[in-house]
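Participant: Pasting a predicted model and its sequence here:
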Amino acid sequence: MTNILEYLENTIKTISDPDKAAFISQEMSMSFQKLYDSARSCGTYLAETGINKQPVAVFMEKSPAMIAAFLGVAYSGNYYIPLDPEMPAFRIKMILENADPAVIVCDEVTKKLLKDNGAVFSSALCSFGEIRNHPVDSEALEKLRKKSIDADPLYVVFTSGSTGVPKGVVATHRSVIDYVENLCPVLGVSENTVFGNQSPLYLDACLKEIFPTLKFGATAYLIPQSLFMFPVKLIEYINEKGINTICWVASALSLVAGLGALGSKTPDSLHTVAFGSEIFPIKQYNIWREALPNARFIHLYGPTEATGMSCFYETMRTYELDEAIPIGYPFPNTEIILLGDNGEITAVDEVGEICIRGTCLSPGYFGDFEKTADAFVQNPNIPFTDIIYKTGDLGRYGKKGELYFISRRDYQIKHMGYRIELAEIELMASALDDVSLVCTVFDDVKSKIILYYISDSVEKSALKSYLKENLPRYMQPHQIFRADTLPRTPGGKIDRVELLRMYSSIAPTDQTYTK
């Protein structure tokens, strides 16, 4: 297998009902047959423009049609750059200027947005609604397929990183196929799987639902983002649609547990709950575990630069509040190397940087050879060219060889002569009853630790006293802010850059932030 389109093509040939819904949103549903037909029409249209192996932006509202456009770009022999109108306008502009796509595939909403904002690009604009029924040229598509190889790019996803400046991570057909083939057995995907998608379609997190759905003829619901503000309604939606598998960022699961929704409603249809991207607070994890004692809970870990996820660990129990959930073991065909100052680390509990080796690796950053060379480096263990990716994450091995994530290297600070993991402060604060979400940041200019938390009843003074009793003096936060909400990145993670900006913009005497 050399092209991800083979998943859809094989399913179309083998599925008992090609009119079965593949992807469903609040506004529309798209069957496998319609997805196949629309993607080939889109691919033919793009191929007729004469572009090949070029970036094509897909700037559309989140919907099954957007997924069909992704596949259409692949059929045309090009690679897609996903964009969404929920993204800040300045970010969209930066990405389009950086990537300079040959064509931008829009819908009516996004086409109007580009024109209303006076955007001027060299890219040609085309509406997916107008090209989805374009006559298919099977011979032309077949010729393009014969010219393609598995090392060709499939997409470029732009992530922010710690600086907030978008950097484009390239993924190939080969790396995505490797990911799907290794992820599906872990999740237990079959034609009976019903996914509940949480992530935006412009992030690689959505791969967990899109391509396994195509491979097995499963079904994926694109859950309305608004439901995540109303956890009880979200659970009702899950049960109503019969969603049995979710792969969410940990903070989305924490929100549901922290607001007490699982005390009044249970998502009984769920049998597989995968989580990752952030540390899942043990208190909130235990609430989920106790609500769904028969469900499988799977911790996933991996950076965008390694095409999705690289490690997994199926949890079999609840945990004590001072424990950590392992990120486990690498997927097949993936190797994890823990590097310290003096080379590879194999000893238990010694901390090093998590590095990844395998087919899963991205070829690098779009148009940025300098950043690529900094992050994708020679494997020090091999005497010939062999590239590994330095994640910037710190980890350690447990007694059974399982891997634990410690923190981002960025979150390890030097303060008062001590090395401090900000995650340790968060872990302790989140253990206090009725504290549902915690995030700490470090102002390195003023050398201050700042803690934000969400709670209905815990006053700042009570949390401050609790931390004084349980943390050494050098780890005490200088400022504590009680929040109604915490800002999020587009992928649903807590936005630490925004928290630092908030801190610098409010008076030191303020103790409450409400957004």
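Facilitator: Okay, I see it. Source: prediction; values computed, not measured. Residues are numbered from 1 along each chain as shown.

Participant: Please report how far Thr443 lies from Lys464.
Facilitator: Careful, residue 443 is Asp; it's not Thr. 18 Å (C-beta to C-beta, to the nearest Å). (Glycine included, C-beta is placed from N, CA and C.)

Participant: what pLDDT does Ser447 get?
Facilitator: Ser447 carries a pLDDT value of 81.

Participant: meant to ask about Arg496, not that
Facilitator: 83.

Participant: Give me the neighbour count for it.
Facilitator: For Arg496, the neighbour count with other C-beta atoms under 10 Å is 21.

Participant: so who does it touch?
Facilitator: Contact partners of Arg496, counting by C-beta atoms under 8 Å, 6 or more residues apart in numbering, are Cys439, Val441.

Participant: run the last query once more with 6 Å
Facilitator: Counting by C-beta atoms under 6 Å, 6 or more residues apart in numbering, Arg496 makes contact with Val441.

Participant: just Ser457 next, same as before
Facilitator: By C-beta under 6 Å, 6+ apart, the neighbours of Ser457 are Asp434.

Participant: ok, now Thr213?
Facilitator: Ala22, Ala220.

Participant: so how far is Cys126 from it?
Facilitator: 26 Å.

Participant: likewise Gly328?
Facilitator: Distance from Gly328 to Cys126, by C-beta to C-beta: 44 Å.

Participant: I'd guessed Glu426 sits against Val438; true?
Facilitator: Yes: between Glu426 and Val438 a contact is recorded at 4.6 Å, counting by C-beta atoms under 6 Å.

Participant: In terms of packing, which of these two has more residues around it?
Facilitator: Comparing Glu426 with Val438 by other C-beta under 10 Å, the one with more neighbours is Val438, at 25 against 22.

Participant: you'd agree the more buried one is in a helix?
Facilitator: No: judged by DSSP: H, G, I helix; E, B strand; the rest coil, Val438 forms no part of a helix; its state is strand.

Participant: beta partners of it?
Facilitator: Val438 has these beta-bridge partners by DSSP bridges: Tyr453.

Participant: Next, the contact list for it, please.
Facilitator: Val438 touches Glu426, Ala429, Ser430, Tyr453, counting by C-beta under 6 Å, 6+ apart.

Participant: what do you get for Tyr466?
Facilitator: Leu432.

Participant: any idea how far it is from Tyr453?
Facilitator: 11 Å.

Participant: before we move on, what about Leu499?
Facilitator: 11 Å.

Participant: returning to that earlier point: give me the more crowded residue out of Gly328 and Cys126.
Facilitator: More crowded of Gly328 and Cys126, by other C-beta under 10 Å: Gly328, with 23 against 20.

Participant: So the more buried one sits against Glu402, correct?
Facilitator: Yes: counting by C-beta under 6 Å, Glu402 is a contact partner of Gly328 at 5.5 Å.

Participant: Now for these two: what residues contact both?
Facilitator: Between them, Gly328 and Glu402 share no contacting residue, judged by C-beta under 6 Å, 6+ apart.

Participant: Contacts for stretch 139-150, please.
Facilitator: Thr2, Asn3, Gly43, Ala47, Tyr75, Gly77, His173, Arg174.

Participant: among these, who's most crowded?
Facilitator: Gly43 leads the contacts of stretch 139-150 on contacts (other C-beta under 10 Å) with 28 neighbours.

Participant: List the residues that contact that residue.
Facilitator: Neighbours of Gly43 in contact, by C-beta under 6 Å, 6+ apart: Gly72, Tyr75, Ser76, Leu141.

Participant: can you tell me how far Phe275 sits from Ala429?
Facilitator: As judged by C-beta to C-beta, Phe275 and Ala429 stand 20 Å apart.

Participant: still on that earlier bit, let me know the closest of the contacts of stretch 139-150 to Phe228.
Facilitator: His173 (31.8 Å; C-beta to C-beta).

Participant: Phi first, then psi, for that closest one.
Facilitator: His173 adopts backbone torsions of phi -60, psi -40, taken as degrees, to the nearest 10.

Participant: Return the distance of Gly358 relative to Gly401.
Facilitator: 18 Å.

Participant: out of those two, which sits in the more crowded spot?
Facilitator: The neighbour comparison of Gly358 against Gly401 (other C-beta under 10 Å) goes to Gly358, with 21 against 11.

Participant: Now that one: phi and psi?
Facilitator: Per degrees, to the nearest 10, the backbone of Gly358 is at phi 150, psi 180.

Participant: helix/strand/coil for the residue lying closest to Ala375 once chain neighbours are set aside?
Facilitator: Spatial nearest neighbour of Ala375, excluding adjacent residues (C-beta to C-beta, 6 or more residues apart in numbering): Lys390 at 5.6 Å. Here Lys390 is recorded as strand under three-state DSSP.

Participant: so what's Lys390 scoring on pLDDT?
Facilitator: 96.

Participant: Near it, how many other residues are there?
Facilitator: So Lys390, with other C-beta under 10 Å, has 18 neighbours.

Participant: repeat for Leu5
Facilitator: Residues near Leu5, counting by other C-beta under 10 Å: 22.

Participant: cool, and Lys371?
Facilitator: So Lys371, with other C-beta under 10 Å, has 15 neighbours.

Participant: where does the chain have low pLDDT?
Facilitator: Where the chain drops to pLDDT under 70, the residues are 118-122, 160-165, 410, 414, 416-419, 490-492, 506-515.
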